[in-house]
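In: Next comes the sequence, and after it the predicted model I'd like to discuss.
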Amino acid sequence: MQPFTDSAPILDDPAALRERMAEDGYLFVKGLLPRETVAAVRAQALGIAAEEGWLCAGTAIEDGIAETAAACVDPQEPFLKVLRRLYKLEDLHALKHHPRVTGVMAALLEDEVLVHPMLISRNIFPQRPEFTTPPHQDYPHIQGSAETYTAWIPLCDCPAEMGGLAIARGSHRDGVRDFVVSTGAGSIAVTDPLTGRWVNGPFAMGDAVIFHSMTVHTGIANLSDRLRQSIDARFSRASEPVMEICVRPYADIMTWEQVYEGWRRPELQYYWERQNVRVVPMDMQYYERRDSMAFEMAEKGDETARPALMRVIQRDKDAAKRERAQALIARLDEARAAATG
């Protein structure tokens, strides 16, 4: 892979930022956020991880050494249990409102910025490459305006062995790409290998990478001994439509009332309602296609379908689909037990 191009030198040149985004589909910005601001959030997130048994007993919390026996992934319930606690952290949500972040978004969008209420907290255990997010585009998951941008912000230093995020440079110009069912976040993986396009590099705490909703990106396996934590925050024009799930807590794991309990800053609460944004329903075509493929794979005993089936069980409104997914999960469990027994 080629290294990221650092856009910090053009941070005060909005036209140059827009030109680079149009060409590359991403902006990597070293030191976008003050290191001490991110470090304060990291301390809170690691404190929760330690209390929930995610960190190795007898090690310093600030080192973030993961307890491998606790390894789990979204949408497994042990993962969601911790995610609910992380999601209530006011300072975690405040990162996406930092003026250094919203300033870049204002330069790109040239309009009033909507900071999407939904935040995604990523927690990647080490030595579990199967948990790594596969190559995908955000648009099928977030929809609304295609001119939506994601900021991926690590809550720790991410040297090469800890992985991070890789971007397929210029991959945002060809619309929604063909995909297959996969393990990892979203259970969708782009089929095109995009050979020769990939860029990545180490991250320091405070760095961020910003990319277009159509840009293909992927997680890099965490080969260290530490828990890798990061956030995905999204932004679009307040004048353009936003999809319904983007104004709700992630995967409806809790209500905003539960999230905001004990918060100090009212300006960070329900702010999108004051912007009178136009909320639109989700176009289910991408998930219906994913789920249809997952059902077919599970019928053949393919374990790759399991995460997609779990998402159907937890999040789909169609009772018949949920029942079918549950039956297929039970069949996969039987096959696994027979193979190991």
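Out: Okay, I see it. Being a predicted model, the structure only gives us computed values, none of them experimental. Numbering: from 1, shown residues only.
In: Can you list the buried residues in stretch 5-23?
Out: Residues 5, 7, 10, 11, 17, 20, 21 are the ones in stretch 5-23 that count as buried (16 or more other C-beta atoms under 10 Å). From N, CA and C alone the C-beta is placed, and that goes for glycine too.
In: so which of the residues you listed comes closest to residue 262?
Out: Proximity of these to residue 262 (C-beta to C-beta) peaks at residue 11, which lies at 34.5 Å.
In: Surely the closest one touches residue 104?
Out: Yes. Proximity of residue 11 to residue 104 meets the contact threshold set by C-beta atoms under 8 Å, at 7.1 Å.
In: overlap in contacts of the two?
Out: Taking C-beta atoms under 8 Å, 6 or more residues apart in numbering as the contact criterion, the residues that touch both residue 11 and residue 104 are 17, 29, 32.
In: can you map out the helices along the stretch 1-150 of the chain?
Out: Taking DSSP state H, counting those that start in this stretch to define them, one finds helices in the stretch 1-150 of the chain at 14-24, 35-51, 77-87, 90-94, 99-109, 139-142.
In: what mean pLDDT does the shortest one have?
Out: Confidence over helix 139-142 (mean pLDDT, whole number) is 96.
In: what's that helix packed up against?
Out: For helix 139-142, the packing partners by 3 or more C-beta pairs under 8 Å, 6 or more residues apart in numbering; DSSP states H and E come out as helix 285-299.
In: helices or strands up against the helix it packs on?
Out: For helix 285-299, the packing partners by 3+ C-beta pairs under 8 Å, 6+ apart are helix 139-142, strand 179-181, helix 306-315, helix 319-340.
In: Go again with 7 Å.
Out: Contacts defined by 3 or more C-beta pairs under 7 Å, 6 or more residues apart in numbering; DSSP states H and E place helix 285-299 against strand 179-181, helix 306-315, helix 319-340.
In: How about stretch 197-213, which residues are buried there?
Out: Using 16+ other C-beta under 10 Å as the test for burial, stretch 197-213 gives 197-203, 205-213.
In: Any figure for the gap between residue 152 and residue 219?
Out: Distance, residue 152 to residue 219, using C-beta to C-beta, to the nearest Å: 10 Å.
In: give me the low-pLDDT residue ranges for this protein?
Out: Counting by pLDDT under 70, the chain contains no low-confidence segment.
In: Go through it and flag its longest strand.
Out: Of all the elements of type strand in the chain, the one with the most residues (DSSP state E) is strand 228-237.
In: which residues sit against that one?
Out: The contact list for strand 228-237, computed with C-beta atoms under 7 Å, 6 or more residues apart in numbering, reads 45, 92, 95-96, 105, 109, 111-116, 119-124, 142, 144-145, 147-156, 158, 162-163, 222, 242, 246.
In: Of the residues you listed, just the buried ones, PyMOL syntax please.
Out: Once 16+ other C-beta under 10 Å is used to decide burial, the buried members of those can be selected in PyMOL as follows:
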select buried, resi 45+92+95+96+105+109+113+114+115+116+119+120+121+122+123+124+142+144+145+148+149+150+151+152+153+154+155+156+158+162+163+222+242+246
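In: Right, I'll call it a day here.
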